[in-house]
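Engineer: here is a sequence together with a model predicted from it:
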Amino acid sequence: MATLAPPLRNFARKLAYRYTRLGAPAYPYIVEPIQLATLVSEIERLKDTAGSILEVGVAWGMTSRFLCEHLAACGRPWERFYAIDTFDSFQPRDVEFEIKHRGKTRAQVSGFEYLDFNAWKRNFRGFRFLTAFKADCSVFDYVKVAPVKLAFVDVDLYLPTRGALQKIYAHLCEGGAILVDDVMQPSRWDGAWQAYSEFCSETGLCPQVIGNKMGVIRK
Ligand SMILES: C[S@@+](CC[C@H](N)C(=O)[O-])C[C@H]1O[C@@H](n2cnc3c(N)ncnc32)[C@H](O)[C@@H]1O
């Protein structure tokens, strides 16, 4: 392809920036800024605590990448970050539960079918402190990543959120935290809200929501 001479290239850039939307900054994350800020400040709060950092439900990896950039920048090569996902969308059992017991339509509770474990791992191979597991978070053996100091649980539906919270809490360090996405009602993903609310009430914890939708669990 022919390359433009520098003055022409600058002129083309100027035109594109002024008269098109090509230079408009985008927000590529599917979580709120306050969630990303909280995740980073929790990582820093827990920097002297032994334990792993988990993201359960990673999709194509936007939040994972953000956290990897922070971990790379903070210069603590001993930190361990684990990404857990089916890399194959929702489990059929979890979708049927939303339809039969939570009044959702199949279209409302579908997505992420395009994911691929090998492609995901390839995209993150530069981050040596990160290990990805292809697994159902409801049955994953969290002993493999224990003790856990911080977990971000973002699997949208009721059953996997409930399963992950119960299992991760058992391996959470004293002082550790679990942050849960989609703690908001009504919404397409309010199964996460139901699982979080039930977990807090069964465990005797006071619910706390940061921003519009991030539930907090502390031990
Ligand atoms: C909303 S996305 C995660 C977004 C990601 N945390 C981010 O901030 O960019 C939900 C993910 O949960 C995963 N998921 C759903 N059910 C799961 C289960 N039972 N076990 C593991 N992962 C699951 C899906 O494959 C999907 O990638």
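Structural biologist: Perfect, I can see it now. As the structure is a computational prediction, the values presented were derived from the model and not from experiment.
Engineer: enumerate the residues of the protein near the ligand.
Structural biologist: Within the chain, the positions lying close to the ligand (C-beta under 6 Å from any ligand atom) are 30-31, 55, 57-59, 62-63, 84-86, 89-91, 94, 112, 115, 136-138, 154-156, 160. Any C-beta I mention is one placed from the backbone N, CA and C, and that applies to glycine too.
Engineer: now the buried members of the residues you listed.
Structural biologist: With burial judged by 16 or more other C-beta atoms under 10 Å, the buried subset of these is 31, 55, 57-59, 63, 84-86, 89-91, 94, 112, 115, 136-138, 154-156, 160.
Engineer: let's see which of those end up in helices.
Structural biologist: 63, 94, 160 (DSSP state H).
Engineer: surely the last one and residue 137 touch.
Structural biologist: Yes. With contact taken as C-beta atoms under 8 Å, residue 160 and residue 137 are classed as touching, separated by 5.3 Å.
Engineer: identify the contacts common to those two.
Structural biologist: residue 57 (C-beta atoms under 8 Å, 6 or more residues apart in numbering).
Engineer: ok, back up a step: now tabulate the ones in helices among the buried ones among the residues of the chain next to the ligand in CSV and tack on pLDDT.
Structural biologist: Below are those laid out as CSV (pLDDT from 0 to 100):
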residue, pLDDT
63, 98
94, 98
160, 98
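Engineer: partners of the host helix or strand of residue 149, with directions?
Structural biologist: Using DSSP states H and E, residue 149 sits within strand 148-153. Partners of strand 148-153 in the sheet, by DSSP bridges, are strand 52-56 (parallel), strand 172-180 (parallel).
Engineer: could I get the CA-only coordinates of the helix or strand bottoming out on mean pLDDT in the chain as CSV?
Structural biologist: In the chain, the helix or strand scored least confidently by mean pLDDT, DSSP states H and E is helix 6-19, which has a mean of 86. Only the C-alpha atoms of helix 6-19 are listed here, as CSV (Å, rounded to 0.1, in the frame of the first residue of the first chain):
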residue,chain,number,x,y,z
PRO,A,6,4.5,13.2,6.3
PRO,A,7,2.9,16.6,5.5
LEU,A,8,0.1,14.9,3.6
ARG,A,9,-0.3,12.3,6.3
ASN,A,10,-0.6,15.1,9.0
PHE,A,11,-3.1,16.9,6.8
ALA,A,12,-5.2,13.7,6.4
ARG,A,13,-5.1,13.1,10.2
LYS,A,14,-6.2,16.6,10.9
LEU,A,15,-9.1,16.3,8.5
ALA,A,16,-10.1,12.9,9.9
TYR,A,17,-9.9,14.2,13.5
ARG,A,18,-11.9,17.4,12.8
TYR,A,19,-14.5,16.1,10.5
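Engineer: please enumerate residues in contact with it?
Structural biologist: With contact meaning C-beta under 8 Å, 6+ apart, helix 6-19 is reached by 3-4, 22-23.
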